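Colleague: Dropping the sequence and predicted coords here.
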Amino acid sequence: MSLGARNWQPSGDLPQRIGGPSTLSMPDEWTFSTPWRRAQEETDHGGPVNDAERMVRLSDGSGVHRVTWALRGRSLVAECDCSGHKYNDGWCAHVASLWWQWVRGQVVVTHLDTGREYPQPPAWLRLDDTPDRIDFDQLSPAELDAYLTCDEAGVGVRRYARQSGRSPGTVGNLLRRARDKIEEGRQ
Ligand SMILES: [Zn+2]
């Protein structure tokens, strides 16, 4: 069993539609769009369904929507069942509301590969990451967690070792294996 995911079990009712990292990106002038205005003005009375999904119920009475909202690889999977999700580059009011809540520390987002929970968007997050640029599937949860935290977010090895309860030598080995696998995947 991998250390990084020892406390995490996949939910039994994860939807099949989680295929890979989203290519969601921040739209230009997003602060002026209607979904973003609604996201900031309305209160969400929904809640989590499982590690990957939340129900969003905005206070403007526009109904309840099921939103896939989770981290995968180094990106965010964000998909809503509403009709507006197809527009605004995927930033419907429900997705925008969850982002607005997340940056203010009001929701926790789970990384599906590592099991780590993020109370705020992590420094390594790339909203516009190309799904297949790096094949993270070949990394173990512990290798991916170390790679994202140290190599992508720039956290020092010793600090990460303290936080994760591993020895610096173990973290060094995880990083070396992660880098080797990523390098092999590029060839
Ligand atoms: Zn929506």
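Modeller: All right, it came through fine. Residues are numbered from 1 along each chain as shown.
Colleague: what packs against the longest strand along the chain?
Modeller: The longest strand of the chain (DSSP state E) is strand 64-72. Under the contact definition 3 or more CB pairs under 8 Å, 6 or more residues apart in numbering; DSSP states H and E, strand 64-72 sits against strand 53-57, strand 75-80, helix 93-103, strand 109-110. Every C-beta, even on glycine, is put in place using the N, C-alpha and C of the backbone.
Colleague: can I get these in TSV with distance to G165, mean pLDDT and mean neighbour count?
Modeller: TSV is the format used below for these (distance: least, CB to CB, whole Å; pLDDT from 0 to 100; neighbours: other CB atoms under 10 Å):
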stretch	distance to G165	mean pLDDT	mean neighbour count
strand 53-57	29	97	21
strand 75-80	27	93	23
helix 93-103	26	93	23
strand 109-110	19	96	24
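Colleague: Turn these into CSV, including distance to V64.
Modeller: Shown next, in CSV, are the helices and strands packed on strand 64-72 (distance: least, CB to CB, whole Å):
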stretch, distance to V64
strand 53-57, 5
strand 75-80, 11
helix 93-103, 9
strand 109-110, 20
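Colleague: Can you say which of those is nearest to G47?
Modeller: strand 53-57 (6.2 Å; CB to CB).
Colleague: Give me the pLDDT value at R66.
Modeller: On pLDDT, R66 comes in at 97.
Colleague: Isn't D51 up against V109?
Modeller: No. Look at D51 against V109 with CB atoms under 8 Å: they stay out of range, at 9.3 Å.
Colleague: Can you pull the residues that touch both of those two?
Modeller: By CB atoms under 8 Å, 6 or more residues apart in numbering, D51 and V109 have these common neighbours: A70.
Colleague: and the gap between the residue most central in space within the chain and H111?
Modeller: Residue closest to the average C-alpha location in the chain (CA atoms, centre = their mean): L71, at 1.9 Å. According to CB to CB, to the nearest Å, L71 and H111 sit 4 Å apart.
Colleague: Check I182 too.
Modeller: Counting by CB to CB, the gap from I182 to H111 is 17 Å.
Colleague: The two: which has the busier surroundings?
Modeller: A direct count of neighbours by other CB atoms under 10 Å for I182 and H111 places H111 higher, at 24 against 18.
Colleague: other SSEs contacting the longest helix seen in the chain?
Modeller: Counting residues, the longest helix found in the chain (DSSP state H) is helix 168-186. Helix 168-186 sits against helix 141-146, helix 157-164, with contacts defined as 3+ CB pairs under 8 Å, 6+ apart.
Colleague: next one: that helix to chain centre, how far?
Modeller: Distance, stretch centre to chain centre, for helix 168-186: 21 Å (CA atoms, centre = their mean, to the nearest Å).
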